[in-house]
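S.K.: From the sequence below, what's the structure:
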Amino acid sequence: MSTPASWLWLARHEARLAIRDLRHLMTAGGRWRIRNVAISFALLAVGLHLLAFGIVAPHAEMTLEAGTRGFTSITGTLLLTFFLLLSQSLEHVTRLFYGRGDLDLFRSSPAPLRRLFAIRVLAIAVSSILMSLVVALPAVNMLALLGGLRWFAALGVAVATALAAAGIALVLAALLFDTLGPRRTRFAAQVASAIIGSAFIIGVQAVAILSIGTLSPRDFFDSDLVLSYMPPPDNALWIPARAVLGSVPDLALTIVSAASVLIVPMVILSGRLGGYAIATASVSHGGSRPVWGARLFRTASPRQLLQRKEWMLLVRDPWLASQSLMQLLYLIPAGLLLWRFYGDSRGALLVLAPVLTMAAGQLGGGLAWLAVSGEDAPDLIATAPISPTYNLTAKVEAVLIAVFAVFAPFLIGVFMHSWLMALVIAGAIFLAAASSTLIQIWFRSQAKRRYFRRRQTSSRIATFAEAFSSVAWASAAALAMNESWYAVAPTIIAMLVLTATWSIRPR
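M.R.: Numbers count the residues shown, from 1 in each chain. Next up, the predicted model:
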């Protein structure tokens with residue numbers, strides 16, 4: 001047995017908490033049996049391996065002689081993975097100071113806070129490593145099966161990517177605390193996390209649209225325009241790419257460099273992390289109410305008052321700004337595509353239709369959860385002189401109006417080109433957002449707004465139903481934009497998904 005407050009003892013404590021949290025996340029607090037979760041993961045693993053086979057099979061024979069073109073493609077994939085891991089790591093590091101309620105207990109114990117936070121930073125790095133391996137393993141397995149065991153070196157690069165992301169996230173969190181203070185860091189870190197997670201892929205798509213007229217990052221990295229600016233194959237920039245292809249010296253250098261990116265900041269900052277956490281403990285996150293909020297109760301109907309109340313909560317909700325910002329940022333390439341090819345080709349509109357429909361379904365589901373399940377004062381509203389149906393209808397209307405406010409610029413741009421196409425896209429957006437909203441209503445369960453990040457754990461059925469309905473409506477929109485009667489098939493599928501979801505809803 002390890003000595004209490006030792007490195008090993010604290011590591012075991014953090015491991016137990018992580019396993020408990022993971023079990024709750026996977027089983028929705030016990031509503032799913034472990035056996036069902038295992039079966040679901042097995043089916044998911046098979047599906048991911050089949051998908052990976054179709055993507056990586058043409059590249060299995062790539063070797064160290066791939067040259068600049070091959071190295072550019074591999075490096076682009078690594079950069080995409082790195083920014084996604086950095087986004088998650090920054091959120092986890094920030095939650096380290098705000099999300100745990102055991103700081104007073106540890107401060108009163110003989111355990112050094114420096115050691116405690118060093119262990120917790122290492123735990124974040126381990127979780128990032130596991131996430132990176134889960135993402136990379138299907139592709140690496142297929143590459144090793146088709147091209148040889150040398151491809152397993154890519155797992156080492158995946159570990160290095162996660163270590164570097166955790167170290168840089170720690171530095172960014174410290175910079176935010178020092179510059180913004182504990183009151184503003186929480187919100188700023190969440191917004192920064194969303195921007196970082198989408199910045200690379202959005203930037204690549206934006207440049208691809210403006211330069212070669214495509215949304216595909218793969219076509220962009222393979223284009224002569226990009227390759228003309230790339231260094232020769234023996235340049236140090238390609239060390240991670242050569243490590244992926246099985247170069248042992250490059251792999252060792254990559255892992256050692258990434259480990260130093262984590263260890264050096266952790267050693268330097270571990271003594272200050274406890275001070276950050278203590279500072280956040282005395283900060284009130286409620287904030288003061290704006291003066292314009294008093295105008296809410298001017299003469300208006302109860303429905304208008306309820307809608308204004310929902311819009312006010314959505315506008316000032318930090319969880320919405322951080323968790324839904326990434327979905328909104330992904331609309332930037334769609335806007336650039338519409339601007340780039342406006343009036344020149346119907347092809348851009350055919351691509352826009354399913355993209356906007358999918359985004360509307362996801363955004364509508366998130367807003368509906370905040371309005372329905374994330375209601376902060378359900379008992380107060382229950383005592384109001386209005387019926388529950390009246391209240392729910394006003395919430396749904398507020399959500400749908402908010403969704404259309406977000407997508408209005410796109411609809412106006414399409415309308416100027418073709419009013420019929422704008423009508424089709426508007427109908428698809430409405431159906432996708434309304435379907436996700438109905439699913440959230442059918443499976444609503446009261447929770448605090450700060451649990452918005454884990455809203456999917458309330459019901460796996462609702463999560464999958466929302467995804468399937470959004471995909472079905474997006475497919476119907478794409479086919480309808482192409483004036484194909486085959487659009488009826490995905491429409492029927494979407495209706496069947498809604499009907500099945502309604503029939504098994506909790507009573």
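S.K.: Ranking helices and strands of this structure by mean pLDDT, which lands last?
M.R.: helix 318-323 (a mean of 59; mean pLDDT, DSSP states H and E).
S.K.: which stretches of the stretch 251-400 of the chain have low pLDDT?
M.R.: By pLDDT under 70, the low-scoring segments of the stretch 251-400 of the chain are 274, 281-300, 314-327, 340-349, 373-382.
S.K.: give me that answer again for 80
M.R.: 270-352, 366, 369-391 (pLDDT under 80).
S.K.: Now for the closest residue to Pro333 other than its chain neighbours: which residues touch it?
M.R.: In space, and not counting its chain neighbours, Pro333 is closest to Gln205: 4.1 Å by C-beta to C-beta, 6 or more residues apart in numbering. In short, each C-beta sits where N, CA and C put it, glycine included. Contacts for Gln205 (C-beta atoms under 8 Å, 6 or more residues apart in numbering) come out as Leu215, Pro217, Phe220, Pro333, Leu336.
S.K.: Pro240 and Ala158 touch, don't they?
M.R.: No. Counting by C-beta atoms under 8 Å, Pro240 stays clear of Ala158, with 10.5 Å between them.
S.K.: Quick check: nearest residue in space to Leu350, chain neighbours excluded?
M.R.: Closest to Leu350 by C-beta to C-beta, 6+ apart is Met481, at 5.1 Å.
S.K.: quick one, helices of the stretch 251-400 of the chain?
M.R.: Assigned helices in the stretch 251-400 of the chain, in chain order: 302-315, 318-323, 325-329, 331-340, 347-372, 378-382, 388-417 (criterion: DSSP state H, counting those that start in this stretch).
S.K.: Tell me, how many residues neighbour the closest residue in space to Phe410 that isn't next to it in sequence?
M.R.: Nearest residue to Phe410, sequence neighbours excluded (C-beta to C-beta, 6+ apart): Leu356, at 5.9 Å. Using other C-beta atoms under 10 Å, Leu356 has 25 other residues around it.
S.K.: list the contacts for Leu356?
M.R.: Leu331, Ala334, Phe407, Phe410, Ile425, Ala428, Ile429, Ala477.
S.K.: Make a markdown table out of those and add distance to Val488.
M.R.: A markdown table is the format used below for the contacts of Leu356 (distance: C-beta to C-beta, whole Å):
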| residue | distance to Val488 |
| --- | --- |
| Leu331 | 28 |
| Ala334 | 26 |
| Phe407 | 24 |
| Phe410 | 25 |
| Ile425 | 18 |
| Ala428 | 14 |
| Ile429 | 19 |
| Ala477 | 13 |
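S.K.: Buried ones from those residues, can you make that a PyMOL selection?
M.R.: In PyMOL, this line selects whichever of these come out buried by 16 or more other C-beta atoms under 10 Å:
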select buried, resi 331+334+407+410+425+428+429+477
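S.K.: From the contacts of Leu356, pick the one nearest Gly47.
M.R.: Among these, Ala477 lies closest to Gly47 (C-beta to C-beta), at 24.5 Å.
S.K.: so the closest one is in which element?
M.R.: helix 460-481 (DSSP states H and E).
S.K.: Flag every buried residue along the helix or strand just after that helix.
M.R.: As assigned by DSSP H and E, the chain's next helix or strand after helix 460-481 is helix 488-503. Neighbour-count burial for helix 488-503 flags Pro490, Thr491, Ile493, Ala494, Val497, Leu498, Thr501 (criterion: 16+ other C-beta under 10 Å).
S.K.: Report the buried residues of stretch 109-118.
M.R.: Neighbour-count burial for stretch 109-118 [16+ other C-beta under 10 Å]: Ala111, Leu113, Leu116, Phe117, Ala118.
S.K.: Looking at these, which one is closest to Asp178?
M.R.: Nearest member of those to Asp178, counting by C-beta to C-beta, is Phe117, at 16.1 Å.
S.K.: Would you mind measuring from that closest one to Leu170?
M.R.: Going from Phe117 to Leu170 by C-beta to C-beta, to the nearest Å gives 10 Å.
S.K.: Thank you, goodbye.
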